[in-house]
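A.B. asks: Structure for the following, please:
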Amino acid sequence: MSIEDRNLKTGTKLVAKYKGREHTCIVKGTKDGLRFGLEDGTEYKSPSSAGSAVMGGSACNGWRFWTPASEAKKAAAYKADVKKAAKKKVKPTFAPMDDQAGASEGNVRFFCSGCQDAFEAPAGVQPIGCPQGHKAD
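C.D. replies: Below you'll find the predicted structure:
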């Protein structure tokens, strides 16, 4: 998750994972404005330059790279839920379409929930798969 509120307060801890390692950044107030301090003691004028330093000099949008530590657990749980949902295999369904316009004579148009595409099958036959290879069982 990114930094939503850009009005960061002194002492705010920011975290980011990069190449399997967690990095921290502490927001510091100075007479010249905010500074973003990394674990090694270096300080930067912006979250982007601090993120760029973590990434070895690559360009970085620090507002998206860093997450406030107070929100990190919520962000991690969200990412885990997204990964879990992506891995979950859902069996496709094949439903006759309400609109049969364009179907060849003697055929019924079906919709595959797996590939989100329409296909035809002979009337009176429940398809067990679609032309893209999705199977109901």
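
A.B. asks: all helices for the protein, in order.
C.D. replies: Using DSSP state H, the helices of the chain run over 47-54, 62-65, 69-87.

A.B. asks: So for residue 132, which of those sits nearest?
C.D. replies: Across the helices of the chain, residue 132 has its closest neighbour in helix 69-87 (18.9 Å, CB to CB). C-beta coordinates here come from the backbone N, C-alpha and C atoms, glycine included.

A.B. asks: Any chance you could list what contacts the lowest-mean-pLDDT helix or strand in the chain?
C.D. replies: Here the helix or strand of the chain ranked lowest by mean pLDDT, DSSP states H and E is helix 69-87, holding a mean of 77. Residues from elsewhere that reach helix 69-87 (CB atoms under 8 Å, 6 or more residues apart in numbering): 1, 12-15, 24, 67.

A.B. asks: List the contacts of residue 106.
C.D. replies: Counting by CB under 8 Å, 6+ apart, residue 106 touches 122-123.

A.B. asks: can I see the domain layout of the chain?
C.D. replies: 13-87, 89-132 (automatic domain parsing).

A.B. asks: coming back round to it: among the contacts of helix 69-87, which one lies nearest to residue 134?
C.D. replies: residue 1 (33.5 Å).

A.B. asks: For the closest one, give me the pLDDT.
C.D. replies: Looking at residue 1, its pLDDT is 65.

A.B. asks: Residue 122 now?
C.D. replies: 92.

A.B. asks: Distance of it relative to residue 45?
C.D. replies: 69 Å (CB to CB, to the nearest Å).

A.B. asks: Which one of those two is surrounded by more residues?
C.D. replies: residue 45 (13 against 10; other CB atoms under 10 Å).
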